[in-house]
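> Need coordinates for the following:
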Amino acid sequence: MKKLYKAARSKWGVPVMAALVFLFMLFLNFLTPYVADDYVYRCSFYDHSQVTTLGEVLRSMYVHSYAMNGRVVSHFFAQLFMIWPKAVFNFVNAGVFTLLWYVLWRISCVGTRRNTLLAAGIFMALWYWMPVFGQVALWQLGSANYLWGLFFGMLFICPYVYRFMRGGELIRRWWLRALFCLFALPFGMYIEVMSFVGLFIAAALLGLSRVFDKKSLKSWLWVPLGLGAAGYIALMCMPAEMKAKQSSMTLDVLLKNISLATDMLTRYGRTLLMVWAALMAIALFLKVPGKRAALSAVLALGAVGGNYMLTFAGYYPDRCASATVTLLILACGVLLAGFQPRTAGGTLRNAALGALTVAFALSLVTGTYSIWQSHVGFKMRLSTIHASLEAGERDLLLPVIHPTTPYSAFWGLRDLSTAQTDTWPNMQIADYYGADTVIGY
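Alright, predicted model coming up:
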């Protein structure tokens, strides 16, 4: 037990862990090729030619705001990285995942001693509970939307969490505050769920600072909050968003979406909600500081509220539940960080991390192997493509990849149509490889 406490306080534990997390995610990113909509976003929405310059991406996003949806910021990044080799995105995406994990750990431990074991637990929880992990953290278009949206959301709430928990300012220099304000506007425009929930959590923590500390509500942090809100309004007022909302705001659709959102919360968040409720009851019994319990409650409320925001969406794919799951993991982490070592709470935390380690180890093996299987299947497809083109064949018959777990980016996404050649994404894949037609079998 003494060795466990020593490991938890080691100053080298988190840096070493960060390096391992980055290398592991980098490995998985290199195993993941372009999938589904990636082939679509290689081409401009303006003239359907392959994007090669920043100007072409900007022109494409202008048309995108009328034709697709309002996510011009997140899809700008997705399309920008299509200009460069896939390896560039692989490195950046692995770094973003590592930074998300690190920020989640730092938020959990704010106001208390940092715990290396908790950092390990947060990574394991992200791996084990993240819905359709491959779509959220490995698929290029999905990552640019959901993984990066989660990271920017957690980054946005950091100064608000610090002010609430510590009573001071995390960002003190004027030029850093100016940069944060510049960041707030595009963050508000980034993605429907996480941008709104991040703004809600920030506003709630500013209000709670007044309740707990009896301080004035005057703060420079209202400025980035207002800019973020303006960005969110701009996102929702994009022509494509307005058109989509008009068709999805009928009573039948809303009732159907409420049922679907409840099903999603039950499927992906039920276990975490029960764990959080149990931890909150124990935290209140052990008299964990009120601010820590309040922060955890705000995060859990944001998680559930974010889930039901999809009531107003045109559709609710499983990857949209990533914000709910991540916030619930953080809410649990905040409570666990408040349990002191060598107490009943500390023993409970270690037991919970031990149980999670067992579940994580099993899913790590099956998940990684599933990603590897999809990689091997894609390599075989590439061999077929090159051999066929070299033989002069222009109409390609290619094997469809069938992933075995949601850790593969192919899970839940349309790989190839087996019925039509003139459909998505067959046409885009044919164009990418220089073939006339492509069909799956």
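
> burial measure for residue 260, as a count.
Number of residues near residue 260 (other CB atoms under 10 Å) recorded here: 15. No exception for glycine: its C-beta is placed from N, CA and C like everyone else's.

> All the helices of the stretch 201-350 of the chain, in order from the start?
222-236, 239-248, 251-264, 270-285, 290-309, 322-337, 344-390 (DSSP state H, counting those that start in this stretch).

> which of those sits most buried?
helix 322-337 (a mean of 27; mean count of other CB atoms under 10 Å).

> That one vs helix 290-309, what angle?
Here the directions of helix 322-337 and helix 290-309 differ by 170 degrees (axes from the mean of the first three to the mean of the last three CA atoms, to 10 degrees).

> Send over helix 322-337 as PDB, restricted to the C-alpha atoms.
Provided in PDB are the C-alpha atoms of helix 322-337 (Å, rounded to 0.1, in the frame of the first residue of the first chain):
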ATOM      1  CA  SER A 322     -19.200  11.700 -26.300                       C
ATOM      2  CA  ALA A 323     -19.700  15.000 -24.600                       C
ATOM      3  CA  THR A 324     -22.100  13.500 -22.000                       C
ATOM      4  CA  VAL A 325     -19.700  10.600 -21.300                       C
ATOM      5  CA  THR A 326     -16.600  12.800 -21.000                       C
ATOM      6  CA  LEU A 327     -18.400  15.300 -18.600                       C
ATOM      7  CA  LEU A 328     -19.600  12.400 -16.400                       C
ATOM      8  CA  ILE A 329     -16.100  11.000 -16.300                       C
ATOM      9  CA  LEU A 330     -14.800  14.400 -15.200                       C
ATOM     10  CA  ALA A 331     -17.600  14.800 -12.700                       C
ATOM     11  CA  CYS A 332     -16.600  11.500 -11.100                       C
ATOM     12  CA  GLY A 333     -12.900  12.500 -11.300                       C
ATOM     13  CA  VAL A 334     -13.600  15.700  -9.400                       C
ATOM     14  CA  LEU A 335     -15.200  13.800  -6.500                       C
ATOM     15  CA  LEU A 336     -12.500  11.100  -6.500                       C
ATOM     16  CA  ALA A 337      -9.800  13.700  -6.300                       C
END
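
> What's the local residue count around the nearest residue to residue 134 once chain neighbours are set aside?
Distances taken as CB to CB, 6 or more residues apart in numbering place residue 409 nearest to residue 134, at 3.8 Å, with adjacent residues excluded. Counted with other CB under 10 Å, residues neighbouring residue 409 total 32.

> So residue 409: helix, strand or coil?
coil (DSSP: H, G, I helix; E, B strand; the rest coil).

> out of the helices of the stretch 201-350 of the chain, nearest to residue 211?
Nearest to residue 211, of all those, is helix 290-309, at 8.4 Å by CB to CB.

> Packing partners of that closest one?
On a contact count with 3 or more CB pairs under 8 Å, 6 or more residues apart in numbering; DSSP states H and E, helix 290-309 meets helix 148-166, helix 192-213, helix 251-264, helix 270-285, helix 322-337.

> circling back to that earlier point, which among the helices of the stretch 201-350 of the chain is found nearest to residue 115?
Of the helices of the stretch 201-350 of the chain, nearest to residue 115 by CB to CB is helix 322-337, at 6.4 Å.
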